[in-house]
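Novice: please work out how this folds:
(one chain, ligands or ions: 1)
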Amino acid sequence: MATAVHPASPLQNQKVKRFRGPGKKKNKKKKVEEGSAEHILQLDVKRVLNGKTCDQVPYERFQEIEVSIQYLSSSGDGIGLVNDDSYAVVVPFTLPGDKVHAKLHFLTETYALADFLDVIEPSKERDNSLIRCKYFAKCGGCQYQMLEYSKQLEQKRNVIIKAFEYFSHLQPGQLCEIGPTESSPMEYNYRTKITPHFDVPRGGIPEGTDLVIGFQEKGRRRVFDIEECSIATKCINESMPSIFAATQAKKSEYKRGATILLRDVFDENNEHKVETDHKAVVKEVFGKFTFKFPAGAFFQNNNSILPKFTSFVHSQLFNSFGDEKFEAPKYLVDAYCGSGLFSITCSEGFQSVIGVEISSDSVAYAKTNAEANGIKNAEYLVGEAEKIFAKIETPAAETAMIIDPPRKGCDTAFLDQLLTYSPARVVYISCNVHTQARDISYILNHELGKDYKINDVRGFDLFPQSHHVESVLTFTKCKNEQASA
Ligand SMILES: C[S@@+](CC[C@H](N)C(=O)[O-])C[C@H]1O[C@@H](n2cnc3c(N)ncnc32)[C@H](O)[C@@H]1O
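Specialist: Below you'll find the model as predicted:
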């Protein structure tokens, strides 16, 4: 199916000009995907330049400069303004208040990307003693380790605020205050799935050399070796040496690079073990719930926050938000249901639950997971999310909906049908707050969506130490007089 176009998008088909420095190849133009990291960085740069421009790019590629960092981008990189505040320099692993050495490696008309070299004067927010990973600033992930955890949560709230500024065209009063970001019980060793990889040069691995197994180096196309990962679970770290050794033992068999799956799961005695076979059926347990799914399939990767996260979503479905006329919904629809995480953990209190999911494998697991968790009122169907509307028989005024799409958000076919059906309450969960903000803007600014009101928006920190944030947004169809009040 063709990707639907969102009229609300502020930067569709934006092109970026690359400057490789004088005398180099002619500038290439590249289409920037909406909501991508590059797109968000362009919006961040535009925001901090505040209308200022420069006639000429003030630096050359590979130049080393000193720069004072003033802002933090939504992807967690520091931004400093130079050339009379008319040009931005983006330096990873830095914080506002840091003065650093940086080496420029990619220049555009408005900003340069730089490698972080060293700190000249540290920000008062920087506490390097907090850094636990020995690959910090080499690995591309976990760039907030030098920032105290409560400040990481504040920064994630700022990312949500900016996402609504960039992507939603809401009138004052249409958006509520963004709530505090909910913390993860585990700040390290929480991640239940990692996927290190290796490359194989043409012609295979040379005699006497080993595979380099690990993660991609920040700003480079090469992989570096890892012996541990500070955010991965203890069990994954304990298993890593033997799993990597087994891969090295058959290195001559690899004709091309590959990714290794390490997923921390529960065995039949509910002890942790690591699964590497994508197709193996694995078990995840939290609170009173048990889920089974293929090890390579999507499942939320931070087990420690799942009880808090799923019970929050459940409570949002029934929250009156102080409205005395609010009537609790009786029916639940879970669009993009995966292997049933929300339809199962949130089923209590509903007469019936229906889930839809594009992957037939996931639907098969959602059905068995519902049964295994004693859920008798759930049914599931395979198909694109909009297919659910032809199947729903429950009255819209008594139906609540959970939406949890992939990073690209919902397409307009789905949003249009949601607007036509018009459920009483929607909880929209997203790992990309930018596409979430765009979608909610589409709904609230649509003729059929004018009676919806946003009740609550807040982040959940499923990814401590990294810039990522999961956003949960609740909106409700109000009686006319309430919506317009
Ligand atoms: C972010 S995951 C959420 C899954 C589930 N809610 C969970 O938390 O485990 C998004 C899910 O949407 C499914 N999906 C992607 N595009 C879809 C579409 N057009 N219609 C229905 N499901 C889709 C994916 O297969 C994936 O399972």
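
Novice: got the domain ranges for this structure?
Specialist: Per the record, the chain has its domains at 15-126, 150-186+303-484, 193-294, by automatic domain parsing.

Novice: out of these, which one sits most buried?
Specialist: Mean neighbour counts were compared across the domains of the chain using mean count of other Cβ atoms under 10 Å; the top stretch is domain 150-186+303-484, at a mean of 19. Bear in mind the C-beta positions are built from the backbone N, C-alpha and C, glycine included.

Novice: hmm, it in reach of the ligand?
Specialist: Yes: applying Cβ under 6 Å from any ligand atom, one finds domain 150-186+303-484 in contact with the ligand at 336-338, 341-342, 356-359, 362, 384-385, 404-406.

Novice: output the contacting helices and strands for the longest helix along the chain.
Specialist: In the chain, assigned by DSSP state H, the helix with the most residues is helix 149-167. Contact partners of helix 149-167 among helices and strands, from 3 or more Cβ pairs under 8 Å, 6 or more residues apart in numbering; DSSP states H and E: helix 37-49, helix 433-444, strand 452-460.

Novice: how far does the shortest one sit from the chain's center?
Specialist: I take that to be strand 452-460. Taking Cα atoms, centre = their mean, to the nearest Å, one finds the center of strand 452-460 at 17 Å from the center of the full chain.

Novice: tabulate the CA atom coordinates of that strand in PDB.
Specialist: Coordinates of each C-alpha in strand 452-460 appear next as PDB, following Å, rounded to 0.1, in the frame of the first residue of the first chain:
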ATOM      1  CA  TYR A 452     -12.100  15.300  20.900                       C
ATOM      2  CA  LYS A 453     -10.100  16.700  23.800                       C
ATOM      3  CA  ILE A 454      -6.600  15.700  24.900                       C
ATOM      4  CA  ASN A 455      -6.600  14.700  28.500                       C
ATOM      5  CA  ASP A 456      -3.100  13.600  29.200                       C
ATOM      6  CA  VAL A 457       0.300  13.300  27.500                       C
ATOM      7  CA  ARG A 458       3.400  11.900  29.200                       C
ATOM      8  CA  GLY A 459       6.500  10.000  28.400                       C
ATOM      9  CA  PHE A 460       7.500   6.600  29.700                       C
END
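
Novice: report the two of the residues of domain 150-186+303-484 next to the ligand separated the most.
Specialist: For the residues of domain 150-186+303-484 next to the ligand, the farthest-apart pair by Cβ to Cβ is Leu341 and Glu384; their separation is 19.2 Å.

Novice: so Arg126 touches Asp98, yeah?
Specialist: Yes: using Cβ atoms under 8 Å, Arg126 makes contact with Asp98 at a distance of 6.2 Å.

Novice: quick check: neighbours shared by these two?
Specialist: Both Arg126 and Asp98 are in contact with Val119, where contact means Cβ atoms under 8 Å, 6 or more residues apart in numbering.

Novice: by contact count, what packs against the next helix or strand after the longest helix of the chain?
Specialist: Counting by DSSP states H and E, the next helix or strand C-terminal to helix 149-167 is strand 193-194. If you count contacts as 3+ Cβ pairs under 8 Å, 6+ apart, strand 193-194 packs onto strand 262-266.
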